[in-house]
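A.B. asks: sequence below, structure please.
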Amino acid sequence: MTRPPVHTRLLLYLTQHFYDVEMLLTWMFNRKRTGIQKKNAYLGYAASLYGPQVAAAHFILTLKGGLRFKNQSDWFRANTKGKFSWDFVNYKDVQIEEIDLSNTMVNYRGLENLDTQRSLRTLSLKGCPEVDDWFLARLHVFQDSLEELDISHCPHITTGGLAALRNLKGLKRLDVSSLPRIQSPGLVVILLEDMLPKCDIVATGYDYSFVQEDEESKVQHMQGQSA
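C.D. replies: Now for the predicted structure:
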């Protein structure tokens, strides 16, 4: 009798052990989510001991991000192995002015570690897989200081979520490039320019040649959300 090919045997094995595989995948998913939540936990104890600036800096660096304190030229960054200098503890009385969390696992919960940074001018969230509409809604805490925001390449941001940025009236530059869940990008840019007239909107990575028939109704819906 001819032995079945490898892919057939593998399929048979997976069929026979379906529930074992399903349980394993569920366990792996839950373990990953738990790890993400732990990384974004509020560092209240550190904030009470060393102050909110030090706690915020530690949170950023443990996510392999980077930051620059106000009136300082040098950045603190984690290396590829996640190691970083602890000299940031010397700036416990200095606000953070720039934060780079590009391609990190920061999420809505983790923002609690940053919302005391009321001198924050620049925030980069490029390529963050956990940044979503709820995250954007909470950025209003930086409405008096934030000037530059990069949310490009974030897979979970939708058109509706962008309406929350209307509170950031001080923005001078907003990058919304390559957001896969954005529909009718041309009209979205028009909406953003209307909401933030003093802001330079960067929106590359879209096909602007295709115009959908219901674009006008979508814009009216978004304008209703931003009203």
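
A.B. asks: what are the boundaries of the helices in the protein?
C.D. replies: In the chain, the segments counted as helices under DSSP state H are 6-16, 18-39, 44-50, 52-62, 133-138, 159-162, 185-195, 215-226.

A.B. asks: pull the contacting residues for the closest residue to Lys126 other than its chain neighbours.
C.D. replies: Using Cβ to Cβ, 6 or more residues apart in numbering and skipping residues adjacent in sequence, the residue nearest Lys126 is Ser102, 4.1 Å away. Bear in mind the C-beta positions are built from the backbone N, C-alpha and C, glycine included. Going by Cβ atoms under 8 Å, 6 or more residues apart in numbering, Ser102 touches Gly65, Ser124, Leu125, Lys126, Gly127, Cys128, Asp150.

A.B. asks: redo that, cut-off 7 Å
C.D. replies: Contacts for Ser102 (Cβ atoms under 7 Å, 6 or more residues apart in numbering) come out as Ser124, Leu125, Lys126, Gly127.

A.B. asks: next step: these restricted to strands.
C.D. replies: Among those, the members falling in strands (DSSP state E) are Ser124.

A.B. asks: for the protein, which residue is closest to the average position?
C.D. replies: The C-alpha lying nearest the average C-alpha coordinate of the chain belongs to Val131 (Cα atoms, centre = their mean; 3.3 Å).

A.B. asks: I figured Ala57 hits Phe88, correct?
C.D. replies: Yes: with contact defined as Cβ atoms under 7 Å, Ala57 and Phe88 form a contacting pair (4.2 Å).
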